[in-house]
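Trainee: sequence isn't available, so here's the structure alone:
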DNA sequence: CTAATTTTTGTCCATGCGTTCAGAAAACGG
DNA sequence: CCGTTTTCTGAACGCATGGACAAAAATTAG
(Lines give C-alpha, C1' and ligand atoms only; values in the text may rest on other atoms or scores of the structure.)
Protein backbone atom coordinates (compact mmCIF):
# COMPACT_ATOMS: atom_id res chain seq x y z
CA UNK A 1 0.00 0.00 0.00
CA UNK A 2 1.25 3.45 -0.92
CA UNK A 3 1.39 6.08 1.77
CA UNK A 4 -1.68 8.25 1.58
CA UNK A 5 -2.20 11.92 2.25
CA UNK A 6 -4.89 13.02 4.66
CA UNK A 7 -8.44 12.03 3.83
CA UNK A 8 -8.19 12.54 0.08
CA UNK A 9 -6.68 9.15 -0.54
CA UNK A 10 -4.08 10.55 -2.88
CA UNK A 11 -0.43 9.47 -2.98
CA UNK A 12 2.39 11.99 -2.68
CA UNK A 13 3.27 11.80 -6.34
CA UNK A 14 -0.36 12.29 -7.21
CA UNK A 15 -0.54 15.42 -5.06
CA UNK A 16 2.68 16.73 -6.57
CA UNK A 17 1.53 16.09 -10.11
CA UNK A 18 -1.79 17.79 -9.48
CA UNK A 19 -0.02 20.80 -8.05
CA UNK A 20 2.32 20.90 -11.04
CA UNK A 21 -0.58 20.74 -13.47
CA UNK A 22 -2.51 23.40 -11.56
CA UNK A 23 0.51 25.70 -11.64
CA UNK A 24 0.95 25.10 -15.36
CA UNK A 25 -2.72 25.89 -15.89
CA UNK A 26 -2.35 29.13 -13.95
CA UNK A 27 0.67 30.16 -15.99
CA UNK A 28 -1.03 29.27 -19.27
CA UNK A 29 -4.31 31.03 -18.50
CA UNK A 30 -2.50 34.13 -17.28
CA UNK A 31 -0.31 34.25 -20.37
CA UNK A 32 -2.64 33.24 -23.18
CA UNK A 33 -6.04 34.03 -21.71
CA UNK A 34 -8.84 31.68 -20.74
CA UNK A 35 -10.08 31.00 -24.26
CA UNK A 36 -6.63 30.02 -25.55
CA UNK A 37 -5.66 27.92 -22.56
CA UNK A 38 -6.24 24.48 -24.04
CA UNK A 39 -5.21 21.26 -22.39
CA UNK A 40 -2.55 20.92 -25.06
CA UNK A 41 -1.00 24.25 -24.14
CA UNK A 42 -1.20 23.52 -20.45
CA UNK A 43 0.47 20.17 -21.01
CA UNK A 44 3.24 21.79 -23.05
CA UNK A 45 3.80 24.36 -20.32
CA UNK A 46 4.05 21.57 -17.76
CA UNK A 47 6.32 19.57 -20.05
CA UNK A 48 4.08 16.52 -19.97
CA UNK A 49 1.73 14.70 -22.28
CA UNK A 50 -1.82 15.92 -22.70
CA UNK A 51 -3.33 12.70 -21.42
CA UNK A 52 -1.64 13.04 -18.04
CA UNK A 53 -4.05 15.85 -17.24
CA UNK A 54 -7.00 13.66 -18.08
CA UNK A 55 -5.48 10.94 -15.95
CA UNK A 56 -5.15 13.07 -12.83
CA UNK A 57 -8.24 15.22 -13.26
CA UNK A 58 -11.76 14.17 -14.10
CA UNK A 59 -11.73 16.79 -16.85
CA UNK A 60 -10.88 20.35 -17.69
CA UNK A 61 -13.79 21.46 -15.53
CA UNK A 62 -12.29 19.97 -12.37
CA UNK A 63 -8.85 21.38 -13.11
CA UNK A 64 -10.15 24.92 -13.55
CA UNK A 65 -12.25 24.73 -10.41
CA UNK A 66 -9.22 23.58 -8.44
CA UNK A 67 -7.25 26.53 -9.76
CA UNK A 68 -9.92 28.96 -8.62
CA UNK A 69 -10.41 27.50 -5.18
CA UNK A 70 -6.66 27.21 -4.62
CA UNK A 71 -6.01 30.87 -5.43
CA UNK A 72 -9.05 32.28 -3.66
CA UNK A 73 -8.35 30.22 -0.55
CA UNK A 74 -4.78 31.52 -0.50
CA UNK A 75 -5.98 35.09 -0.80
CA UNK A 76 -8.64 34.58 1.83
CA UNK A 77 -6.05 33.27 4.27
CA UNK A 78 -3.79 36.25 3.57
CA UNK A 79 -6.59 38.71 4.21
CA UNK A 80 -7.62 36.79 7.31
CA UNK A 81 -4.07 37.03 8.64
CA UNK A 82 -4.03 40.78 8.01
CA UNK A 83 -7.34 41.12 9.84
CA UNK A 84 -6.12 39.24 12.89
CA UNK A 85 -3.78 42.00 14.03
CA UNK A 86 -6.35 44.78 13.74
CA UNK A 87 -7.75 46.51 16.81
CA UNK A 88 -10.36 48.92 15.39
CA UNK A 89 -13.06 48.45 12.77
CA UNK A 90 -11.46 51.17 10.70
CA UNK A 91 -8.25 49.18 10.69
CA UNK A 92 -10.15 46.05 9.73
CA UNK A 93 -11.85 47.80 6.82
CA UNK A 94 -8.50 49.14 5.63
CA UNK A 95 -6.82 45.76 6.09
CA UNK A 96 -9.48 44.07 3.97
CA UNK A 97 -8.58 46.36 1.10
CA UNK A 98 -4.82 46.50 1.49
CA UNK A 99 -4.58 42.81 2.33
CA UNK A 100 -6.22 41.79 -0.91
CA UNK A 101 -4.14 44.26 -2.90
CA UNK A 102 -0.98 42.90 -1.32
CA UNK A 103 -1.92 39.41 -2.37
CA UNK A 104 -2.63 40.71 -5.85
CA UNK A 105 0.72 42.50 -5.88
CA UNK A 106 2.66 39.42 -4.75
CA UNK A 107 0.77 36.81 -6.78
CA UNK A 108 -0.25 38.64 -9.93
CA UNK A 109 -0.18 35.59 -12.19
CA UNK A 110 -2.27 33.47 -9.87
CA UNK A 111 -4.85 36.16 -9.28
CA UNK A 112 -5.05 36.98 -12.96
CA UNK A 113 -5.63 33.34 -13.90
CA UNK A 114 -8.27 32.82 -11.23
CA UNK A 115 -10.08 35.99 -12.27
CA UNK A 116 -10.02 34.99 -15.92
CA UNK A 117 -11.51 31.61 -15.09
CA UNK A 118 -14.16 32.98 -12.76
CA UNK A 119 -15.24 35.49 -15.36
CA UNK A 120 -15.11 33.36 -18.49
CA UNK A 121 -15.67 29.75 -17.51
CA UNK A 122 -19.21 28.40 -17.69
CA UNK A 123 -20.56 25.16 -16.35
CA UNK A 124 -22.62 22.85 -18.53
CA UNK A 125 -25.72 24.96 -17.94
CA UNK A 126 -23.94 28.10 -19.08
CA UNK A 127 -23.72 29.77 -15.68
CA UNK A 128 -20.41 31.54 -15.04
CA UNK A 129 -18.50 30.75 -11.86
CA UNK A 130 -18.76 34.26 -10.45
CA UNK A 131 -22.51 33.81 -10.19
CA UNK A 132 -22.05 30.57 -8.29
CA UNK A 133 -19.49 31.59 -5.69
CA UNK A 134 -20.75 32.52 -2.28
CA UNK A 135 -20.76 36.09 -1.08
CA UNK A 136 -18.62 35.49 1.98
CA UNK A 137 -16.36 38.40 1.10
CA UNK A 138 -19.29 40.81 0.88
CA UNK A 139 -20.79 39.47 4.08
CA UNK A 140 -17.48 39.91 5.82
CA UNK A 141 -17.26 43.56 4.84
CA UNK A 142 -20.90 44.09 5.76
CA UNK A 143 -20.13 42.72 9.20
CA UNK A 144 -17.17 45.06 9.65
CA UNK A 145 -19.21 48.05 8.52
CA UNK A 146 -22.13 47.24 10.81
CA UNK A 147 -19.90 46.66 13.80
CA UNK A 148 -17.97 49.84 13.10
CA UNK A 149 -21.18 51.78 12.77
CA UNK A 150 -22.44 50.39 16.07
CA UNK A 151 -19.11 51.24 17.68
CA UNK A 152 -19.40 54.81 16.48
CA UNK A 153 -16.39 54.63 14.17
CA UNK A 154 -18.53 54.96 11.03
CA UNK A 155 -21.56 57.07 10.16
CA UNK A 156 -24.98 56.06 8.89
CA UNK A 157 -25.06 54.71 5.35
CA UNK A 158 -26.20 51.70 3.37
CA UNK A 159 -23.73 49.03 4.45
CA UNK A 160 -24.59 46.63 1.64
CA UNK A 161 -24.01 49.24 -1.07
CA UNK A 162 -20.82 50.25 0.67
CA UNK A 163 -19.58 46.66 0.80
CA UNK A 164 -20.44 46.07 -2.85
CA UNK A 165 -18.66 49.25 -3.85
CA UNK A 166 -15.54 48.14 -1.99
CA UNK A 167 -15.59 44.68 -3.54
CA UNK A 168 -16.14 45.95 -7.07
CA UNK A 169 -13.54 48.62 -6.52
CA UNK A 170 -11.08 45.89 -5.58
CA UNK A 171 -12.05 43.82 -8.61
CA UNK A 172 -11.39 46.84 -10.77
CA UNK A 173 -7.85 47.29 -9.54
CA UNK A 174 -6.74 44.31 -11.61
CA UNK A 175 -8.11 46.00 -14.72
CA UNK A 176 -6.22 49.17 -13.96
CA UNK A 177 -3.08 47.20 -13.30
CA UNK A 178 -3.45 45.47 -16.65
CA UNK A 179 -3.91 48.81 -18.39
CA UNK A 180 -0.86 50.23 -16.67
CA UNK A 181 1.71 47.69 -15.59
CA UNK A 182 3.67 50.31 -13.66
CA UNK A 183 0.72 51.06 -11.36
CA UNK A 184 1.84 51.26 -7.74
CA UNK A 185 -0.56 48.95 -5.97
CA UNK A 186 0.47 50.05 -2.48
CA UNK A 187 -0.14 53.65 -3.39
CA UNK A 188 -3.43 52.76 -5.04
CA UNK A 189 -4.45 50.87 -1.91
CA UNK A 190 -3.69 53.81 0.34
CA UNK A 191 -5.70 56.17 -1.86
CA UNK A 192 -8.59 53.75 -2.16
CA UNK A 193 -8.68 53.27 1.61
CA UNK A 194 -8.65 57.02 2.09
CA UNK A 195 -11.57 57.44 -0.31
CA UNK A 196 -13.63 54.70 1.29
CA UNK A 197 -12.90 56.07 4.76
CA UNK A 198 -14.17 59.44 3.58
CA UNK A 199 -17.42 57.77 2.61
CA UNK A 200 -17.91 55.86 5.85
CA UNK A 201 -16.74 58.58 8.26
CA UNK A 202 -19.40 59.80 10.67
CA UNK A 203 -21.33 62.94 9.85
CA UNK A 204 -24.33 64.21 7.97
CA UNK A 205 -25.48 62.33 4.93
CA UNK B 1 -26.65 53.37 -58.83
CA UNK B 2 -28.31 52.45 -55.56
CA UNK B 3 -29.12 55.19 -53.10
CA UNK B 4 -26.38 55.41 -50.56
CA UNK B 5 -26.38 56.22 -46.89
CA UNK B 6 -24.15 58.92 -45.50
CA UNK B 7 -20.44 58.47 -45.97
CA UNK B 8 -20.36 54.74 -45.37
CA UNK B 9 -21.32 53.91 -48.95
CA UNK B 10 -23.83 51.32 -47.81
CA UNK B 11 -27.29 50.84 -49.32
CA UNK B 12 -30.42 50.89 -47.19
CA UNK B 13 -30.89 47.15 -47.41
CA UNK B 14 -27.27 46.65 -46.45
CA UNK B 15 -27.73 48.85 -43.40
CA UNK B 16 -30.91 47.01 -42.44
CA UNK B 17 -29.28 43.61 -42.78
CA UNK B 18 -26.32 44.66 -40.72
CA UNK B 19 -28.62 45.96 -38.02
CA UNK B 20 -30.60 42.72 -38.08
CA UNK B 21 -27.45 40.65 -37.78
CA UNK B 22 -26.12 42.85 -34.98
CA UNK B 23 -29.38 42.46 -33.07
CA UNK B 24 -29.30 38.71 -33.56
CA UNK B 25 -25.72 38.65 -32.28
CA UNK B 26 -26.75 40.63 -29.21
CA UNK B 27 -29.60 38.27 -28.47
CA UNK B 28 -27.44 35.20 -28.98
CA UNK B 29 -24.53 36.43 -26.86
CA UNK B 30 -26.87 37.50 -24.06
CA UNK B 31 -28.69 34.17 -24.08
CA UNK B 32 -25.93 31.64 -24.67
CA UNK B 33 -22.87 33.54 -23.53
CA UNK B 34 -19.92 34.76 -25.54
CA UNK B 35 -18.19 31.41 -25.88
CA UNK B 36 -21.30 29.68 -27.24
CA UNK B 37 -22.31 32.44 -29.61
CA UNK B 38 -21.11 30.93 -32.87
CA UNK B 39 -21.88 32.37 -36.28
CA UNK B 40 -24.16 29.40 -36.86
CA UNK B 41 -26.23 30.20 -33.77
CA UNK B 42 -26.38 33.88 -34.61
CA UNK B 43 -27.53 33.03 -38.12
CA UNK B 44 -30.22 30.70 -36.78
CA UNK B 45 -31.42 33.42 -34.41
CA UNK B 46 -31.62 35.85 -37.31
CA UNK B 47 -33.33 33.25 -39.48
CA UNK B 48 -30.74 33.52 -42.22
CA UNK B 49 -27.94 31.45 -43.64
CA UNK B 50 -24.54 31.51 -41.99
CA UNK B 51 -22.80 32.84 -45.06
CA UNK B 52 -24.90 36.01 -45.07
CA UNK B 53 -22.98 37.17 -42.03
CA UNK B 54 -19.69 36.57 -43.76
CA UNK B 55 -21.03 38.45 -46.78
CA UNK B 56 -22.03 41.57 -44.82
CA UNK B 57 -19.21 41.56 -42.28
CA UNK B 58 -15.51 41.09 -42.84
CA UNK B 59 -15.58 38.45 -40.10
CA UNK B 60 -16.77 37.66 -36.64
CA UNK B 61 -14.31 40.18 -35.29
CA UNK B 62 -15.94 43.08 -37.12
CA UNK B 63 -19.44 41.98 -36.11
CA UNK B 64 -18.58 41.83 -32.43
CA UNK B 65 -16.84 45.19 -32.51
CA UNK B 66 -19.90 46.74 -34.13
CA UNK B 67 -22.08 45.30 -31.39
CA UNK B 68 -19.91 46.83 -28.70
CA UNK B 69 -19.64 50.26 -30.28
CA UNK B 70 -23.36 50.34 -31.07
CA UNK B 71 -24.40 49.60 -27.49
CA UNK B 72 -21.79 51.79 -25.81
CA UNK B 73 -22.58 54.69 -28.12
CA UNK B 74 -26.27 54.34 -27.29
CA UNK B 75 -25.52 54.35 -23.59
CA UNK B 76 -23.15 57.27 -23.94
CA UNK B 77 -25.81 59.29 -25.69
CA UNK B 78 -28.35 58.46 -22.98
CA UNK B 79 -25.97 59.57 -20.24
CA UNK B 80 -25.10 62.67 -22.23
CA UNK B 81 -28.77 63.57 -22.49
CA UNK B 82 -29.19 63.10 -18.75
CA UNK B 83 -26.20 65.35 -18.12
CA UNK B 84 -27.53 68.13 -20.34
CA UNK B 85 -30.29 69.09 -17.94
CA UNK B 86 -28.07 69.26 -14.86
CA UNK B 87 -27.23 72.57 -13.19
CA UNK B 88 -24.82 71.58 -10.41
CA UNK B 89 -21.79 69.29 -10.41
CA UNK B 90 -23.46 67.20 -7.75
CA UNK B 91 -26.38 66.69 -10.10
CA UNK B 92 -24.02 65.80 -12.91
CA UNK B 93 -22.22 63.23 -10.80
CA UNK B 94 -25.54 61.70 -9.78
CA UNK B 95 -26.83 61.77 -13.37
CA UNK B 96 -23.75 59.93 -14.59
CA UNK B 97 -24.58 57.09 -12.24
CA UNK B 98 -28.36 57.01 -12.57
CA UNK B 99 -28.26 57.62 -16.33
CA UNK B 100 -26.12 54.58 -16.94
CA UNK B 101 -28.23 52.45 -14.61
CA UNK B 102 -31.37 53.56 -16.42
CA UNK B 103 -29.88 52.48 -19.72
CA UNK B 104 -28.93 49.17 -18.13
CA UNK B 105 -32.45 48.81 -16.76
CA UNK B 106 -34.10 49.54 -20.11
CA UNK B 107 -31.65 47.64 -22.34
CA UNK B 108 -30.52 44.74 -20.23
CA UNK B 109 -29.92 42.37 -23.13
CA UNK B 110 -27.88 44.84 -25.13
CA UNK B 111 -25.75 45.84 -22.18
CA UNK B 112 -25.24 42.25 -21.13
CA UNK B 113 -24.08 41.24 -24.60
CA UNK B 114 -21.73 44.19 -24.95
CA UNK B 115 -20.23 43.49 -21.52
CA UNK B 116 -19.74 39.83 -22.35
CA UNK B 117 -17.93 40.70 -25.54
CA UNK B 118 -15.77 43.40 -23.98
CA UNK B 119 -14.73 41.03 -21.22
CA UNK B 120 -14.22 37.84 -23.19
CA UNK B 121 -13.31 38.75 -26.73
CA UNK B 122 -9.64 38.97 -27.62
CA UNK B 123 -8.05 40.33 -30.75
CA UNK B 124 -5.46 38.32 -32.65
CA UNK B 125 -2.76 39.39 -30.21
CA UNK B 126 -4.79 38.16 -27.24
CA UNK B 127 -5.62 41.58 -25.82
CA UNK B 128 -9.17 41.88 -24.50
CA UNK B 129 -11.34 44.76 -25.71
CA UNK B 130 -11.69 46.32 -22.28
CA UNK B 131 -7.97 47.03 -22.29
CA UNK B 132 -8.23 48.73 -25.67
CA UNK B 133 -11.20 51.01 -25.12
CA UNK B 134 -10.45 54.60 -24.29
CA UNK B 135 -11.05 55.96 -20.83
CA UNK B 136 -13.46 58.68 -21.90
CA UNK B 137 -15.94 57.66 -19.22
CA UNK B 138 -13.33 57.92 -16.49
CA UNK B 139 -12.06 61.21 -17.85
CA UNK B 140 -15.59 62.57 -17.90
CA UNK B 141 -16.13 61.74 -14.24
CA UNK B 142 -12.71 63.11 -13.35
CA UNK B 143 -13.72 66.37 -15.04
CA UNK B 144 -16.97 66.56 -13.08
CA UNK B 145 -15.19 65.85 -9.80
CA UNK B 146 -12.48 68.44 -10.42
CA UNK B 147 -14.97 71.11 -11.44
CA UNK B 148 -17.17 70.31 -8.47
CA UNK B 149 -14.20 70.47 -6.16
CA UNK B 150 -13.17 73.85 -7.58
CA UNK B 151 -16.75 75.05 -7.24
CA UNK B 152 -16.77 74.09 -3.58
CA UNK B 153 -19.42 71.38 -3.97
CA UNK B 154 -17.01 68.57 -3.19
CA UNK B 155 -14.19 68.19 -0.70
CA UNK B 156 -10.53 67.30 -1.21
CA UNK B 157 -9.88 63.73 -2.33
CA UNK B 158 -8.14 61.77 -5.05
CA UNK B 159 -10.37 62.41 -8.05
CA UNK B 160 -8.91 59.62 -10.14
CA UNK B 161 -9.48 56.99 -7.45
CA UNK B 162 -12.97 58.36 -6.94
CA UNK B 163 -13.76 58.16 -10.65
CA UNK B 164 -12.41 54.63 -10.89
CA UNK B 165 -14.44 53.58 -7.87
CA UNK B 166 -17.59 54.96 -9.46
CA UNK B 167 -16.93 53.26 -12.78
CA UNK B 168 -16.13 49.91 -11.23
CA UNK B 169 -19.11 50.25 -8.94
CA UNK B 170 -21.28 50.75 -11.99
CA UNK B 171 -19.71 47.76 -13.74
CA UNK B 172 -20.49 45.68 -10.70
CA UNK B 173 -24.19 46.47 -10.75
CA UNK B 174 -24.65 44.14 -13.71
CA UNK B 175 -23.13 41.31 -11.69
CA UNK B 176 -25.48 41.99 -8.81
CA UNK B 177 -28.43 42.15 -11.19
CA UNK B 178 -27.44 38.79 -12.62
CA UNK B 179 -27.18 37.30 -9.15
CA UNK B 180 -30.58 38.68 -8.20
CA UNK B 181 -32.91 39.33 -11.09
CA UNK B 182 -35.40 41.12 -8.84
CA UNK B 183 -32.87 43.79 -7.90
CA UNK B 184 -34.43 47.25 -8.05
CA UNK B 185 -31.98 49.21 -10.18
CA UNK B 186 -33.55 52.59 -9.44
CA UNK B 187 -33.28 51.93 -5.74
CA UNK B 188 -29.72 50.66 -6.13
CA UNK B 189 -28.87 53.80 -8.07
CA UNK B 190 -30.25 56.08 -5.39
CA UNK B 191 -28.30 54.27 -2.69
CA UNK B 192 -25.11 54.21 -4.73
CA UNK B 193 -25.41 57.93 -5.43
CA UNK B 194 -25.96 58.59 -1.73
CA UNK B 195 -22.86 56.60 -0.82
CA UNK B 196 -20.67 58.31 -3.42
CA UNK B 197 -21.97 61.72 -2.37
CA UNK B 198 -21.00 60.87 1.21
CA UNK B 199 -17.47 60.24 0.02
CA UNK B 200 -17.11 63.40 -2.06
CA UNK B 201 -18.88 65.80 0.31
CA UNK B 202 -16.68 68.55 1.71
CA UNK B 203 -15.08 68.06 5.08
CA UNK B 204 -11.98 66.83 6.85
CA UNK B 205 -9.96 63.83 5.87
C1' DC C 1 -37.55 41.26 -71.61
C1' DT C 2 -32.73 40.69 -70.99
C1' DA C 3 -28.28 41.22 -69.15
C1' DA C 4 -25.61 42.57 -65.19
C1' DT C 5 -25.18 42.98 -60.44
C1' DT C 6 -26.27 42.08 -55.73
C1' DT C 7 -27.57 38.93 -52.36
C1' DT C 8 -28.44 34.31 -50.49
C1' DT C 9 -27.78 29.44 -50.06
C1' DG C 10 -25.79 24.84 -49.01
C1' DT C 11 -21.69 22.48 -48.96
C1' DC C 12 -17.05 21.78 -48.08
C1' DC C 13 -12.66 22.47 -45.73
C1' DA C 14 -8.86 23.03 -42.38
C1' DT C 15 -8.19 23.67 -37.65
C1' DG C 16 -8.36 23.04 -32.85
C1' DC C 17 -10.71 21.18 -29.08
C1' DG C 18 -11.48 17.61 -24.90
C1' DT C 19 -11.60 13.00 -24.28
C1' DT C 20 -10.65 8.02 -24.91
C1' DC C 21 -7.82 4.06 -25.43
C1' DA C 22 -4.35 0.34 -25.94
C1' DG C 23 -0.09 -0.34 -24.86
C1' DA C 24 4.69 1.10 -23.12
C1' DA C 25 7.22 2.46 -19.21
C1' DA C 26 8.05 3.00 -14.49
C1' DA C 27 7.39 2.14 -9.66
C1' DC C 28 6.17 -0.86 -6.25
C1' DG C 29 5.48 -5.14 -3.14
C1' DG C 30 6.77 -9.60 -1.72
C1' DC D 1 13.67 -11.44 -8.97
C1' DC D 2 8.89 -11.39 -10.98
C1' DG D 3 4.10 -10.09 -11.05
C1' DT D 4 1.09 -6.29 -10.10
C1' DT D 5 -0.26 -1.74 -10.04
C1' DT D 6 0.40 2.93 -11.08
C1' DT D 7 1.68 6.29 -14.30
C1' DC D 8 2.65 7.99 -18.81
C1' DT D 9 2.58 8.26 -23.95
C1' DG D 10 1.12 8.95 -28.70
C1' DA D 11 -2.46 8.20 -31.75
C1' DA D 12 -7.14 8.36 -32.75
C1' DC D 13 -11.96 9.80 -32.08
C1' DG D 14 -16.05 12.83 -32.67
C1' DC D 15 -17.36 17.37 -32.63
C1' DA D 16 -17.78 22.32 -33.30
C1' DT D 17 -15.97 26.30 -35.24
C1' DG D 18 -15.00 30.33 -38.78
C1' DG D 19 -14.28 30.85 -43.29
C1' DA D 20 -14.30 29.87 -48.55
C1' DC D 21 -16.60 28.69 -52.56
C1' DA D 22 -19.60 27.85 -56.70
C1' DA D 23 -24.01 27.98 -57.88
C1' DA D 24 -28.72 29.59 -57.30
C1' DA D 25 -31.95 33.26 -56.47
C1' DA D 26 -33.35 37.92 -56.29
C1' DT D 27 -32.93 42.55 -57.54
C1' DT D 28 -31.73 46.22 -60.48
C1' DA D 29 -30.73 48.79 -64.85
C1' DG D 30 -31.27 49.70 -69.70
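Mentor: The structure has been received and is ready for your questions. As the structure is a computational prediction, the values presented were derived from the model and not from experiment. Numbers count the residues shown, from 1 in each chain, chains lettered A, B, ... in the order given.

Trainee: which element follows the lengthiest helix in chain A toward the C-terminus?
Mentor: Residue-count comparison of every helix in chain A, with assignments taken from DSSP state H, identifies helix A:60-84 as the longest. The C-terminal neighbour of helix A:60-84 among helices and strands, as given by DSSP states H and E, is helix A:89-106.

Trainee: next helix or strand past that following helix?
Mentor: Tracing the chain past helix A:89-106, the next element assigned as helix or strand by DSSP H and E is helix A:108-120.

Trainee: give the buried residues for that next one.
Mentor: Residues of helix A:108-120 classed as buried: A:108, A:110, A:111, A:112, A:113, A:114, A:115, A:116, A:117, A:118, A:119, A:120 (neighbour count, 16 or more other C-beta atoms under 10 Å in any protein chain shown). Every C-beta, even on glycine, is put in place using the N, C-alpha and C of the backbone.

Trainee: pipe the residues you listed into TSV and attach distance to residue B:58 and pLDDT per row.
Mentor: Compiled in TSV, the buried residues of helix A:108-120 are given as follows (distance: C-beta to C-beta, whole Å; pLDDT from 0 to 100):
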residue	distance to residue B:58	pLDDT
A:108	35	98
A:110	37	98
A:111	36	98
A:112	31	97
A:113	32	98
A:114	35	98
A:115	31	97
A:116	27	97
A:117	31	98
A:118	32	97
A:119	27	96
A:120	25	96
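
Trainee: restrict those residues to those near chain B?
Mentor: Near chain B, taking C-beta under 8 Å from any C-beta of the partner chain as the test, the members of the buried residues of helix A:108-120 found are A:119, A:120.

Trainee: return the member of the buried residues of helix A:108-120 nearest to residue B:130.
Mentor: Within these, the smallest distance to residue B:130 is 10.6 Å, found for residue A:119 (C-beta to C-beta).

Trainee: can you give me the domain assignment for chain A?
Mentor: Recorded structural domains for chain A (assignment: automatic domain parsing) are A:10-57, A:71-200.

Trainee: can you lay out these as CSV showing distance to DNA strand D?
Mentor: Putting the domains of chain A into CSV (distance: least, C-beta to the nearest atom of the strand, whole Å) gives the following:
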stretch, distance to DNA strand D
domain A:10-57, 3
domain A:71-200, 12
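
Trainee: of the ones you listed, which is nearest DNA strand C?
Mentor: The minimum distance between DNA strand C and the domains of chain A falls on domain A:10-57, with 3.2 Å, by C-beta to the nearest atom of the strand.

Trainee: phi first, then psi, for the residue of chain A found nearest DNA strand C.
Mentor: Minimum separation of chain A from DNA strand C (C-beta to the nearest atom of the strand) falls at residue A:59, amounting to 2.7 Å. For residue A:59, the backbone dihedrals are phi 170, psi -180 (criterion: degrees, to the nearest 10).

Trainee: count the residues that sit near it.
Mentor: If you count neighbours by other C-beta atoms under 10 Å in any protein chain shown, residue A:59 ends up with 10.

Trainee: from residue A:37, how far off is the most centrally placed residue in chain A?
Mentor: When C-alpha atoms, centre = their mean is applied to chain A, the residue found nearest the centroid is residue A:72 (3.9 Å). Separation of residue A:72 from residue A:37 (C-beta to C-beta, to the nearest Å) stands at 18 Å.

Trainee: try residue A:87
Mentor: Residue A:87 sits 43 Å away from residue A:37, going by C-beta to C-beta.

Trainee: more neighbours: which of these two?
Mentor: Relative neighbour count places residue A:37 above the other of residue A:87 and residue A:37, with 25 against 7, counting by other C-beta under 10 Å.
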